[in-house]
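Visitor: take this sequence and fold it.
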Amino acid sequence: MNILVIDDDSEFLFLMCHALKKHGFEVHSAKNGVGALDVLADHKIDLVISDVIMSDTPIMSLTCTLKKLYPAMPIILISGLPAEPLIHNSLTLGASEFIPKPINMNQLYRTIDRLIAA
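Guide: Okay, here's the model as predicted:
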């Protein structure tokens, strides 16, 4: 399974990609929305995991774009911000799931398995 991880925090991006690779996933990464669209153009991606807040990418706009271009692709949004309004907005705009930071990796793996099986 091919996963794209999008986050402008280089350290978090590295750690997340490393953990997902150790779990057996093929992982691609991008630091912003433009990079994400480039990866999607070059690779078959099965699922996207993206931070909600990135300095140069309005994530809600990116989420809408991804759902238009790849309507069947699950999107998991993650954030360390207070969750309630963010969860509602994220799911309304097409995200499949919202997971708060710090990430519980077992929860993330279960969510990925559930979304891919659906």
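Visitor: which helix or strand in the protein has the lowest average pLDDT?
Guide: strand 57-58 (a mean of 66; mean pLDDT, DSSP states H and E).
Visitor: which elements pack onto the helix or strand following it?
Guide: Moving toward the C-terminus from strand 57-58, the next helix or strand (DSSP states H and E) is helix 59-69. Packed against helix 59-69 by the contact rule (3 or more CB pairs under 8 Å, 6 or more residues apart in numbering; DSSP states H and E) you find helix 33-42, strand 47-51, strand 75-79, helix 84-92. (Glycine included, C-beta is placed from N, CA and C.)
Visitor: weakest of those in terms of mean pLDDT?
Guide: Mean pLDDT values for the helices and strands packed on helix 59-69 show the minimum at helix 84-92, a mean of 73.
Visitor: tell me the helix or strand right after it.
Guide: strand 97-100.
Visitor: can you pull up the most central residue in the chain?
Guide: residue 49 (1.3 Å; CA atoms, centre = their mean).
Visitor: go ahead and confirm that one touches residue 2.
Guide: No. Counting by CB atoms under 8 Å, no contact exists between residue 49 and residue 2, whose distance comes to 11.7 Å.
Visitor: wait, residue 99 sits on residue 106?
Guide: No. Checked against CB under 8 Å, the pair residue 99 and residue 106 is beyond contact range at 11.3 Å.
Visitor: name the residue in these two with the higher neighbour count.
Guide: Neighbours per residue (other CB atoms under 10 Å) separate residue 99 from residue 106, with residue 99 holding more: 17 against 8.
Visitor: residue contacts, the residue nearest to the centre of the chain?
Guide: 3, 4, 5, 6, 16, 75, 76, 78, 108 (CB atoms under 8 Å, 6 or more residues apart in numbering).
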